[in-house]
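Visitor: Mind folding the following:
(2 chains, ligands or ions: 1)
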Amino acid sequence: MLLRSHRKRNFRLMAMIRMPPTWVMRIFDGVYSHRSPPVLGLRRTHQYLTSIRSSSSSSSNGSTATTTAGDYLRQTDEELMNQCEMDTFKSSGPGGQHRNKRESAVRLKHLPTGIIAQAVEDRSQHRNRSAALSRLRTLLALKVRNPIVLDGYKPPLELLQILPAKSTIRGSEAGSQIGPNNPKFAMGMQALLDLLSTVEGSVSTAAKILGLSTGALSRLILSDDSLRAAVNDLRTSKGMRPLK
Amino acid sequence: MSRLRLPLLSSASTTLRRRRSPRSSYSSGAVITSSSASHHTPPLKLQSPLFLRPLSHSASPSALLSFRRWAESLARSSAADLTFDGGPSSSELIREISWLLQDATSQDGDTFLLRTDLEDLYRLWRQRIEERRPFQYIVGCQHWRDLVLAVSEGVLIPRPETEEIVNLAARVEGLQDGMWADLGTGSGAIAIAIARMLGENGKVVATDLSEMAVEVAQFNVGRYKLENKVEIRQGSWFEPLQDLQGKLSGLVSNPPYIPSSHIHGLQAEVGRHEPSLALDGGENGTDHLLRLCEGSISSLKPGGFFAFETNGDKQSEQIVDFMTTQWSNSFHDIKIEADFAGIKRFVTGFRR
Ligand SMILES: C[S@@+](CC[C@H](N)C(=O)[O-])C[C@H]1O[C@@H](n2cnc3c(N)ncnc32)[C@H](O)[C@@H]1O
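Guide: As a prediction, the model looks like this:
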């Protein structure tokens, strides 16, 4: 239940909710908002790594060369955490009963990929850890690419689920379309980005494979800010115009 | 990437958080389960935490924005006076203003509904700055692990360091269906978090000497609907546990551990506002810790687990020393565990 609600709070997802007018932002965030990333007095906490490693029969030894983003995303929170180094605010002084201070920022570094996710806005470190973890999932989906073999390619279910109903290859087993507010969206996004990078950023080629018009796939890409940014990065790197 | 970091403190996120909290029916008064029949004082009136009060006031956006500006400027102009004893910095205070507004308001179209009147917000923020009243007492709650716990004057505000004690307990195998005890439970934080991860037959007895703590803990237990899993008893350390001698599977405690001579120099939020009953651990700070170590010999069953929070480093070593020399026949696997800041904060072990 905690995780569910945290996925809801996931910032990528929050961004999809209608942005409140600026005056609301000003009331809640203040004039000098704390929006800039925090300066972390870094303190490395290996404790999490070691405690879980020693007690779990985790399969994530990271030794295989073929780990894909999808593999990372399919892991449980605990398994994913197992691959991370966690930094928290360094608290100076004796701490504990001596102090009334919130030092709740959390920064996670995913060791196999070097991807960093952090969360600072919640009052509890526990929650910031969950938020950082769910951000990490989004970032893994966006940043870790695995080329696919186009010959005989069949889009995975996660990808079919984020396609609009009018896709001709989308069967009824895919259920109703999953939007960016659903935690499963990250998995579909990851598969879509793998496909797009394999076809060198060509939206029309990918659209054909997915049984969609180029316009319909573009609309899907543009519906999520982080997906759009990732696709445009990819296109720019291939010398193509970004989607608008 | 930068966008991913942007904390959106819109009312939407507030609503989400609120929905996740258990519904509270603020019952007319917490029931005090007292171990000694001599306690017949009527239930104390616990002020409802701000975020649970009804939305019975309203304010225009501009009025709220003026409040925000005033509160920020007060925070900025006073921060220098606050930080000298380890108090909050101005950016921390500004974050607190956001949290205060999250707890106090709910957006409804172009107006804001408030859980207290605007004047009260001004009064509360002045108390925060001028009297150094802890933020958590101002809003009446503390976010701790995945819980939102009611707190109020007279009860220690649970510390982030203490969250780890629950993880230590969670790691122990085979005791999930036993009887656990949280001695000196305060707001009930540890007891509630442990109760939520115990098995179907697992139970927690939570005790405190302070009547206020007993009331607040009972309220929090009720809010998380754990009345059947957590039993609150009032009394000193092991005195309310007479019936559980040798029966406990687990014993956890965060007893007062600050050496008496340090109480005066504490950050004002702590020293001036939190109960000294919850902080003062006697001359070396170890008075209560040693009582707990000794008492756990007779109350834990063989194989039972204990975890105590300490003042850190030296104090942990002292306790371990004591246990390994004086009571080596009674315990095994005695260990020190660090908190998130790397301070040797906890002593754990098992009854032989
Ligand atoms: C440091 S506070 C810990 C509160 C809570 N367990 C927490 O971690 O937030 C210590 C608690 O021990 C209680 N206490 C102090 N002396 C006690 C005694 N003799 N018997 C039982 N509880 C006592 C205080 O009232 C206080 O609630």
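Visitor: ok, the spatially most central residue of chain A to chain B distance?
Guide: Most central in chain A under Cα atoms, centre = their mean is residue A:138, positioned 0.5 Å from the mean C-alpha point. Here residue A:138 is placed at a distance of 7 Å from chain B (Cβ to the nearest Cβ, to the nearest Å). Just so you know, the C-beta spots here come from the backbone N, C-alpha and C atoms, and that holds for glycine as well.
Visitor: The one residue in the stretch 51-200 of chain B that gets nearest to chain A in helix, strand or coil?
Guide: Here the stretch 51-200 of chain B gets closest to chain A at one residue, residue B:143, 3.7 Å apart by Cβ to the nearest Cβ. Under DSSP: H, G, I helix; E, B strand; the rest coil, the three-state class of residue B:143 is strand.
Visitor: quick revisit: just checking, next helix/strand downstream of the stretch of helix or strand the residue nearest to the centre of chain A belongs to?
Guide: Element membership of residue A:138, judged by DSSP states H and E, is helix A:125-143. On the C-terminal side of helix A:125-143, the nearest following helix or strand under DSSP H and E is helix A:157-162.
Visitor: tell me what that following helix is packed against?
Guide: helix A:185-198 (3 or more Cβ pairs under 8 Å, 6 or more residues apart in numbering or on different chains; DSSP states H and E).
Visitor: So which residues make contact with the helix it packs on?
Guide: A:69-70, A:73-74, A:137-138, A:140-142, A:144-148, A:150, A:153, A:155-156, A:158-162, A:178-179, A:202-203, A:206, A:209-210, A:221, A:224, A:227, A:230-231, A:234 (Cβ atoms under 8 Å, 6 or more residues apart in numbering or on different chains).
Visitor: Recalculate using a threshold of 7 Å.
Guide: For helix A:185-198, contacts defined as Cβ atoms under 7 Å, 6 or more residues apart in numbering or on different chains pick out A:69-70, A:73, A:137-138, A:141-142, A:145-148, A:150, A:155-156, A:158-159, A:161-162, A:178-179, A:206, A:209, A:227, A:230-231, A:234.
Visitor: wait, doesn't residue B:146 sit right on residue A:126?
Guide: Yes - counting by Cβ atoms under 7 Å, residue B:146 does reach residue A:126; the two are 5.6 Å apart.
Visitor: Look at the two and report which has more neighbours.
Guide: residue A:126 (22 against 18; other Cβ atoms under 10 Å in any protein chain shown).
Visitor: Could you measure from whichever residue of chain A sits closest to chain B over to residue B:328?
Guide: Here the residue of chain A nearest chain B is residue A:121; by Cβ to the nearest Cβ that distance is 3.1 Å. In this view, residue A:121 and residue B:328 are 48 Å apart by Cβ to Cβ, to the nearest Å.
Visitor: who has more neighbours, those two?
Guide: Ranked by neighbour count (other Cβ under 10 Å), residue A:121 and residue B:328 place residue A:121 first, with 24 against 11.
Visitor: Tell me if that one really is in a strand.
Guide: No - assigned with three-state DSSP, residue A:121 falls outside any strand and is coil.
Visitor: Residue A:167 contacts residue A:212, doesn't it?
Guide: Yes - counting by Cβ under 7 Å, residue A:212 is a contact partner of residue A:167 at 5.0 Å.
Visitor: what's the closest non-adjacent residue to the residue in chain B sticking out farthest from the centre?
Guide: The C-alpha centroid of chain B is most remote from residue B:110, which lies 36.2 Å away (Cα atoms, centre = their mean). Leaving aside its sequence neighbours, residue B:110 sits nearest to residue B:61 (Cβ to Cβ, 6 or more residues apart in numbering or on different chains; 6.7 Å).
Visitor: what residue ranges in chain A are flagged as low confidence?
Guide: Residue ranges of chain A with pLDDT under 70: A:1-67, A:89-92, A:102-103.
Visitor: Tell me the residues of it that contact the ligand?
Guide: residue A:97 (Cβ under 6 Å from any ligand atom).
Visitor: Find the closest residue to the ligand in chain A.
Guide: Across chain A, the shortest distance to the ligand (Cβ to the nearest ligand atom) belongs to residue A:97, at 5.3 Å.
Visitor: rewinding a little: dump the C-alpha coordinates for the helix holding residue A:138 into CSV.
Guide: Extracted as CSV, the C-alpha positions of helix A:125-143 are listed here (Å, rounded to 0.1, in the frame of the first residue of the first chain):
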residue,chain,number,x,y,z
GLN,A,125,13.2,9.6,5.1
HIS,A,126,11.4,6.3,4.8
ARG,A,127,9.0,7.9,2.2
ASN,A,128,11.8,9.8,0.5
ARG,A,129,13.5,6.4,0.0
SER,A,130,10.3,5.0,-1.7
ALA,A,131,10.0,8.1,-3.8
ALA,A,132,13.6,8.0,-4.9
LEU,A,133,13.2,4.3,-5.7
SER,A,134,10.2,4.9,-7.9
ARG,A,135,12.0,7.8,-9.7
LEU,A,136,14.9,5.4,-10.2
ARG,A,137,12.5,3.0,-12.0
THR,A,138,11.4,5.8,-14.3
LEU,A,139,15.0,6.8,-15.0
LEU,A,140,16.0,3.2,-15.7
ALA,A,141,13.2,2.9,-18.2
LEU,A,142,14.3,6.2,-19.8
LYS,A,143,18.1,5.7,-19.9
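Visitor: gap between it and the chain center?
Guide: 6 Å (Cα atoms, centre = their mean, to the nearest Å).
Visitor: got the angle between it and helix A:185-198?
Guide: 30 degrees (axes from the mean of the first three to the mean of the last three Cα atoms, to 10 degrees).
Visitor: Just list what helix A:125-143 packs against, helices and strands only.
Guide: helix A:2-9, helix A:69-74, helix A:77-82, strand A:106-110, strand A:115-119, helix A:185-198, helix A:225-237 (3 or more Cβ pairs under 7 Å, 6 or more residues apart in numbering or on different chains; DSSP states H and E).
Visitor: Which elements pack onto the second one?
Guide: Okay, so that is helix A:69-74. Helix A:69-74 packs on helix A:125-143, helix A:185-198, going by 3+ Cβ pairs under 7 Å, 6+ apart.
Visitor: would TSV of those with distance to residue A:244 be doable?
Guide: Shown next, in TSV, are the helices and strands packed on helix A:69-74 (distance: least, Cβ to Cβ, whole Å):
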stretch	distance to residue A:244
helix A:125-143	19
helix A:185-198	17
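Visitor: among those, which is nearest residue B:97?
Guide: With Cβ to Cβ as the measure, helix A:125-143 is the member of the helices and strands packed on helix A:69-74 nearest residue B:97 (19.1 Å).
Visitor: Next one: the residue sitting furthest away from the middle of chain A from residue A:119, what distance?
Guide: Going by Cα atoms, centre = their mean, the residue of chain A most distant from its centre is residue A:98, 37.3 Å out. Going from residue A:98 to residue A:119 by Cβ to Cβ gives 26 Å.
Visitor: Ok, residue A:199 next?
Guide: Taken as Cβ to Cβ, the span from residue A:199 to residue A:119 is 34 Å.
Visitor: So if I had to pick from the two, which one is more boxed in?
Guide: Legend: neighbour count by other Cβ under 10 Å for residue A:199 and residue A:119, higher for residue A:119 (29 against 17).
Visitor: Please name the bridge partners of that one.
Guide: residue A:106 (DSSP bridges).
Visitor: number of nearby residues for the closest residue to residue B:79 other than its chain neighbours?
Guide: Leaving aside its sequence neighbours, residue B:79 sits nearest to residue B:90 (Cβ to Cβ, 6+ apart; 3.7 Å). Burial of residue B:90 is recorded as 18 neighbouring residues (other Cβ under 10 Å).
Visitor: go on, residue B:302?
Guide: Neighbours around residue B:302, by other Cβ under 10 Å: 8.
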